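S.K.: For reference, the sequence and a predicted model appear below.
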Amino acid sequence: MKKHLLLVGTLAITLLSAQNNEGLKREFEKQNRENTAKFDSYVSKHYGASKSPEALKEIEEQRSNLAGFLPNGKPYFYQKEDSRQVSNANADNLNTAGGIVGLSNAYNGEGIKYTIFDGGRIYAAHPAFDNGTGRITNKEAASNIYSAHSTGVASFIGGKSINVSGGGLSGNTKGVAINSIMDSYRFATTTLPGNTTTSTVFQKILAAQPAISNHSYGSNVGWDIKTVNGANAWVWNGVFDSPSEALDLQGTYFTNDQSYDQIVYNNPSYIIVKSAGNYFGYGPDYPGTSAFLKYYTDDNGTPVQFAATDTLPTTNCSNGADCIGPGSLAKNIIVVGATDVISTNNFKYTTAADVVHSDYSSAGPRDDGGIKPDISTTGTNVFSAATAEDTVGSISYSYGSGTSYSAPVVTGVIGLWTQINKELFTNQVLNAASAKTLMIHSASEAGNIGPDAWFGWGYINAKKGAELLVGKANNTVIFNNETLTSGTPNIKRLKAASASEPLKVTISWIDPEYALPANLSWDDAYNNRASRLVNDLDLRIIDTVTGTIYQPWKLNALSPMSPATKGDNTVDNVEQVIVDAPVTGREYRIEIGNKGTLKNNAGANAPQNYSIIVTGYSEQLVLGTGEVSKANGIAIAPTITKDIVNVLKAPVKSTFTIYDLSGKRVKNGVINSDKEAIDISSFTKGIYIIEVKTDKEVISKKVIKE
């Protein structure tokens with residue numbers, strides 16, 4: 001009976017998601033048509049009626065890589081963002097049997113599929129992918145060229161170990177998940193096989209339905225190097241009014257961010273990993289470029305040289321922060337920054353000082369102070385498979401640097417965590433919220449204490465993440481997916497393990513997309529500090545003896561390079577609270593509440609799902625057999641039953657929720673009598689937790705279904 005109930009529930013969710021996706025598909029199709037018309041108008045103004053073969057080629061390349069339009073109607077475009085990485089991230093511990101205490105197997109991506117959206121097709125015939133049949137499936141038409149960049153990204157995710165030396169090259173191509181499979185799409189707007197119309201990257205994501213996808217591309221909306229009149233030049237991609245007014249979209253939550261957030265909200269199982277960008281320090285101050293002429297573009301996209309009397313816009317991230325472009329500022333995706341290789345201690349992280357920001361890696365935060373990037377890992381001077389960029393392809397190898405190459409390491413690690421999670425918890429996968437929570441809670445410190453604008457929440461630690469999954473399996477770590485009802489806080493009571501171990505709680509949630517107003521003006525878009533959160537959840541830890549309230553980390557949008565502080569975070573859909581030196585054995589209370597009224601992305605009142613991890617506790621306090629609440633005499637009995645369990649003496653209108661041991665909610669309801677009988681006869685045999693919420697407390701108790 002339970003299987004039928006679960007199937008009905010799953011079918012309902014699937015149908016709802018499918019309905020929502022059909023609406024999204026129509027919306028993205030409309031966007032594609034409107035952007036095509038806008039681009040045609042731009043081409044007419046910019047190029048005129050007579051177009052050379054070179055101009056026609058440039059137009060078609062721009063058309064396929066069109067990312068959107070700035071507030072003044074000018075187009076902007078996507079561009080690519082370029083076995084020590086595996087060791088640096090501790091992924092090698094997962095690749096080796098016995099590398100994680102509590103796990104006996106080696107994890108190399110067996111049964112895991114990644115989807116790669118990149119500059120061209122992956123060269124599937126490369127020896128880096130010949131350790132299994134059908135490891136690479138190209139989803140684009142064969143008329144699209146192979147890409148060295150795409151092939152390199154795939155190599156970092158799952159290339160097999162190949163030692164290469166000679167010809168000025170020396171390296172190993174081993175990726176994170178060498179036995180995984182990968183689907184390959186272009187991020188450009190193309191016509192997929194079997195289709196008659198073009199698809200944007202957002203339409204392709206909905207078609208691909210990816211569990212874990214990598215997106216190593218972005219948009220530079222500040223200073224960039226381009227060719228003007230046959231020579232290298234600095235071109236300002238924002239707007240400029242002589243002599244000194246400059247505006248840009250660096251740090252701005254924009255239309256593409258809204259689209260990514262829409263997709264993940266409608267499809268919470270989609271884990272999207274994206275590069276932060278390589279534009280830190282770009283601008284007239286960049287070493288060796290003082291002779292470059294400097295331009296901005298008018299509303300028709302025509303380059304205009306800055307006058308000698310003009311005040312030039314500042315170099316990207318001139319203050320150390322604020323140069324991540326639109327599309328890498330969405331709330332529900334994982335954005336990755338790049339660091340230099342950790343070359344000491346056999347390529348292993350030991351302290352925060354080991355992590356060095358790569359001088360090109362774009363820095364956050366979002367303009368409202370939201371923490372971006374989310375995480376960082378090695379991406380500089382790394383080695384991978386490559387190919388000739390034509391429709392034939394070839395076998396080659398190369399070094400590269402960029403957030404393009406740090407992002408796939410994070411993508412690969414999340415796939416290994418998913419593989420472990422499936423093994424430990426009956427084929428359950430991580431969703432977008434749980435993957436982010438696990439990644440952030442397990443991250444190693446980098447840069448300032450707490451999150452910062454360069455490294456996000458720190459440096460990825462694959463081993464620690466796997467250890468947390470083992471901890472969940474042996475009930476020493478709380479790692480649940482839970483639901484918050486508006487205005488009714490969720491509460492956990494627990495005892496701290498030791499004064500030498502922090503009590504640490506991390507939550508994250510998939511937030512509805514922030515609805516940008518139509519016809520957004522430059523003044524409204526530039527450095528807008530209004531929060532992009534829709535549902536603002538609040539995490540707190542309370543010392544039950546002293547009453548001390550511990551609050552989450554947050555950044556200051558007006559002083560982004562200052563160390564993170566602790567207070568009320570109103571901009572991030574991740575909150576982390578740490579009690580650095582809790583009193584051993586003392587009871588602490590974790591509260592998850594919210595401001596205002598929780599909404600879904602249609603604007604209707606709705607509960608909010610979130611993921612939570614808790615470490616540093618010795619005991620979660622629940623009522624034992626025969627015990628009652630001292631406050632009001634509430635009891636839950638019997639604790640061993642085949643069918644009925646009773647909630648006794650709970651106030652009318654209290655609520656109950658039943659969870660299985662994985663944290664999945666299996667039943668809930670409202671208490672309407674002094675003796676509320678709950679039928680669990682349809683449940684499979686096992687242990688369940690019944691949680692009763694009153695207006696004063698939350699009571700939890702384990703029951704056994706025979």
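M.R.: Looks like it arrived, so ask away. Numbering: from 1, shown residues only.
S.K.: to the chain's geometric centre, what's the distance from stretch 68-85?
M.R.: Taking the mean of its C-alpha atoms, stretch 68-85 sits 18 Å from the chain's own mean (C-alpha atoms, centre = their mean, to the nearest Å).
S.K.: Then stretch 188-205?
M.R.: So, by C-alpha atoms, centre = their mean, the centroid of stretch 188-205 is 24 Å from its chain's centroid.
S.K.: Quick one: end-to-end length of it, please.
M.R.: Stretch 188-205 has an end-to-end distance of 12 Å (C-alpha to C-alpha, to the nearest Å).
S.K.: List the buried residues in that stretch.
M.R.: 188-190, 192, 198-205 (16 or more other C-beta atoms under 10 Å). For every residue, glycine as well, the C-beta is placed using N, CA and C.
S.K.: who touches that stretch?
M.R.: If you take C-beta atoms under 8 Å, 6 or more residues apart in numbering as the criterion, stretch 188-205 is touched by 24-25, 28-29, 31-32, 63-66, 78, 117, 119, 139-141, 144, 185, 187, 207, 213, 215, 259-260, 263, 270, 272.
S.K.: ok, of those, which come out buried?
M.R.: Using 16+ other C-beta under 10 Å, the buried ones in the contacts of stretch 188-205 are 24, 28-29, 31-32, 63-66, 78, 117, 119, 139-140, 144, 185, 187, 213, 215, 259-260, 263, 270, 272.
S.K.: Among those, which lie within helices?
M.R.: Cross-referencing the buried ones among the contacts of stretch 188-205 against helices under DSSP state H gives 24, 28-29, 31-32, 63-64, 259-260, 263.
S.K.: Which element, helix or strand, includes Ser404?
M.R.: Following DSSP states H and E, one finds Ser404 within helix 403-424.
S.K.: So which bits of that helix are buried?
M.R.: 403-421, 423-424.
S.K.: returning to that earlier point: can you pick out the most distant pair from the buried residues of stretch 188-205?
M.R.: The largest separation in the buried residues of stretch 188-205, counting by C-beta to C-beta, is between Thr198 and Ile205 at 14.6 Å.
S.K.: got any ranges where the stretch 1-150 of the chain has weak pLDDT?
M.R.: Applying pLDDT under 70 to the stretch 1-150 of the chain picks out residues 1-19, 49-51, 80-83.
S.K.: Then the stretch 551-700 of the chain?
M.R.: Within the stretch 551-700 of the chain, the ranges that satisfy pLDDT under 70 run 622-632, 661-663.
S.K.: now the strands for it?
M.R.: With DSSP state E, counting those that start in this stretch, the ranges of strands along the stretch 551-700 of the chain come out as 553-554, 565-566, 574-579, 587-594, 608-615, 617-620, 635-637, 640-641, 644-648, 655-660, 665-670, 675-679, 686-693, 698-705.
S.K.: ok, the fourth one: who's next to it in the sheet?
M.R.: To tie it back to what came earlier, the one meant is strand 587-594. Using DSSP bridges, the strands paired with strand 587-594 are strand 490-496 (antiparallel), strand 537-543 (antiparallel).
S.K.: So which of these is nearest Lys38?
M.R.: Of these, nearest to Lys38 by C-beta to C-beta is strand 537-543, at 37.5 Å.
S.K.: how about that closest one as CSV, C-alpha atoms only?
M.R.: Extracted in CSV, the C-alpha atoms of strand 537-543 (Å, rounded to 0.1, in the frame of the first residue of the first chain):
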residue,chain,number,x,y,z
LEU,A,537,14.3,32.1,6.6
ASP,A,538,16.0,32.8,9.9
LEU,A,539,18.4,30.4,11.6
ARG,A,540,19.3,30.9,15.3
ILE,A,541,21.0,28.9,18.0
ILE,A,542,19.9,29.8,21.6
ASP,A,543,21.9,28.9,24.7
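S.K.: Who are the packing partners of the helix or strand Thr115 falls within?
M.R.: Per DSSP H and E: Thr115 is located in strand 113-118. Helices and strands touching strand 113-118, by 3 or more C-beta pairs under 8 Å, 6 or more residues apart in numbering; DSSP states H and E, are helix 148-158, strand 181-186, helix 201-208, strand 212-215, helix 403-424.
S.K.: Dump that strand to PDB, keeping only the CA atoms.
M.R.: Provided in PDB are the C-alpha atoms of strand 113-118 (Å, rounded to 0.1, in the frame of the first residue of the first chain):
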ATOM      1  CA  LYS A 113      25.600  11.200 -15.300                       C
ATOM      2  CA  TYR A 114      26.800  14.800 -15.700                       C
ATOM      3  CA  THR A 115      25.500  17.200 -18.300                       C
ATOM      4  CA  ILE A 116      27.900  19.700 -19.700                       C
ATOM      5  CA  PHE A 117      26.900  23.000 -21.400                       C
ATOM      6  CA  ASP A 118      29.900  24.500 -23.000                       C
END
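S.K.: That strand pairs with which strands, and in what direction?
M.R.: By DSSP bridges, strand 113-118 pairs with strand 181-186 (parallel), strand 212-215 (parallel).
S.K.: per-domain residue ranges of this structure.
M.R.: Domain assignment for the chain by automatic domain parsing gives 79-222+231-237+249-442, 476-620, 635-705.
S.K.: gap between the one residue sitting closest to the centre of the chain and Asp374?
M.R.: Geometric centre of the chain, nearest residue: Ile334, 1.8 Å, by C-alpha atoms, centre = their mean. Using C-beta to C-beta, to the nearest Å, we find Ile334 at a distance of 5 Å from Asp374.
S.K.: overlap in contacts of the two?
M.R.: 436, 439.
S.K.: still on that earlier bit, columns distance to Val583 on top of the helices and strands packed on strand 113-118, output as JSON lines?
M.R.: As requested, the helices and strands packed on strand 113-118 are exported to JSON lines (distance: least, C-beta to C-beta, whole Å):
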{"stretch": "helix 148-158", "distance to Val583": "44"}
{"stretch": "strand 181-186", "distance to Val583": "49"}
{"stretch": "helix 201-208", "distance to Val583": "48"}
{"stretch": "strand 212-215", "distance to Val583": "40"}
{"stretch": "helix 403-424", "distance to Val583": "32"}
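S.K.: which stretch among those comes nearest Phe292?
M.R.: Of those, nearest to Phe292 by C-beta to C-beta is helix 403-424, at 23.7 Å.
S.K.: elements contacting the next helix or strand after the closest one?
M.R.: For helix 403-424, the succeeding helix or strand toward the C-terminus, using DSSP H and E, is helix 432-442. Judged by 3+ C-beta pairs under 8 Å, 6+ apart, the packing partners of helix 432-442 are strand 271-275, strand 334-339, helix 403-424, helix 462-473, strand 478-484, strand 503-508, strand 574-579, strand 608-615.
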